[in-house]
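A.B. asks: sequence first, predicted coordinates after that:
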Amino acid sequence: MFRRLRKVQKYRRQGRNLIASNKIKPDQWHISDTEVKEALKVKGYDVKQIKKIRCLKHQVCISYWDAKDNVCSSFFSYRIFARWQTDVEKLIYCCQTLKEWKKLNYVIQYEFAYYHYLSEMEDALSSALENRLCVLKATEQLAVFQEV
């Protein structure tokens, strides 16, 4: 009698982000009030004092007082923190082979496509990826020449 409508799914590039692939575990970070204030100021928020920080798996819930003494609460991505950049750079520099680098590069390109990064952070991570690729190619060529 009633016809079921076909469910159409929008195309989404297959891949996993750095948290879902367990490469970075920010929910275990102990984020300080100063880190939160600094990150929120970079995002353009006027923070007077931090009330509460609650770390979740994929985001952080921050309650704070603004300059007008209003209590504000919102969810923020871990990608706004400077610690995120240092952890991703550590991952990049820990790649020992080109195969590992290619997998990590795929995940990071997925991150850039689907998550908002500050332009400075995106540029720094892209240059770190390029530098690591150059180092890995150079060490690979040295290994080939030494075998001959």
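C.D. replies: Okay, I see it. Computed from a prediction, not measured in an experiment: that's the story for all the values here. Numbering: from 1, shown residues only.

A.B. asks: pretty sure S21 sits against V107.
C.D. replies: Yes - judged on C-beta atoms under 8 Å, S21 makes contact with V107 at a distance of 6.1 Å. (Each C-beta comes from the backbone N, C-alpha and C, glycine too.)

A.B. asks: between those two, which one's more packed in?
C.D. replies: Legend: neighbour count by other C-beta atoms under 10 Å for S21 and V107, higher for V107 (17 against 13).

A.B. asks: okay, the more buried one: pLDDT?
C.D. replies: Reported pLDDT at V107 in the predicted model: 93.

A.B. asks: make sure it is indeed in a strand.
C.D. replies: No - secondary structure of V107, determined by DSSP: H, G, I helix; E, B strand; the rest coil: helix, with no strand assignment.

A.B. asks: what about T34, which helix or strand?
C.D. replies: In the assignment (DSSP states H and E), T34 maps to helix 33-43.

A.B. asks: next, the buried residues of that helix.
C.D. replies: Of the residues in helix 33-43, those buried under the neighbour-count criterion (16 or more other C-beta atoms under 10 Å) are 35-37, 39-40.

A.B. asks: got it, and stretch 103-118?
C.D. replies: Here stretch 103-118 shows 104-105, 107-108, 110-111, 117 as buried, counting by 16+ other C-beta under 10 Å.

A.B. asks: tell me the one among the residues you listed nearest to K48.
C.D. replies: Comparing the buried residues of stretch 103-118 against K48 with C-beta to C-beta picks out Y117 as the nearest, at 27.0 Å.

A.B. asks: can you tell me the SS state at that closest one?
C.D. replies: Of the three states, Y117 takes coil under three-state DSSP.

A.B. asks: looking at it, it is touching E111, isn't it?
C.D. replies: Yes - applying C-beta under 8 Å as the test, Y117 and E111 come out as touching, 7.3 Å apart.

A.B. asks: quickly list what's touching both of the two.
C.D. replies: Residues touching both Y117 and E111 (C-beta atoms under 8 Å, 6 or more residues apart in numbering): R79.

A.B. asks: can you put the buried residues of stretch 103-118 in CSV and add distance to Q85?
C.D. replies: What follows is the buried residues of stretch 103-118, written out as CSV (distance: C-beta to C-beta, whole Å):
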residue, distance to Q85
L104, 15
N105, 16
V107, 15
I108, 12
Y110, 17
E111, 12
Y117, 9
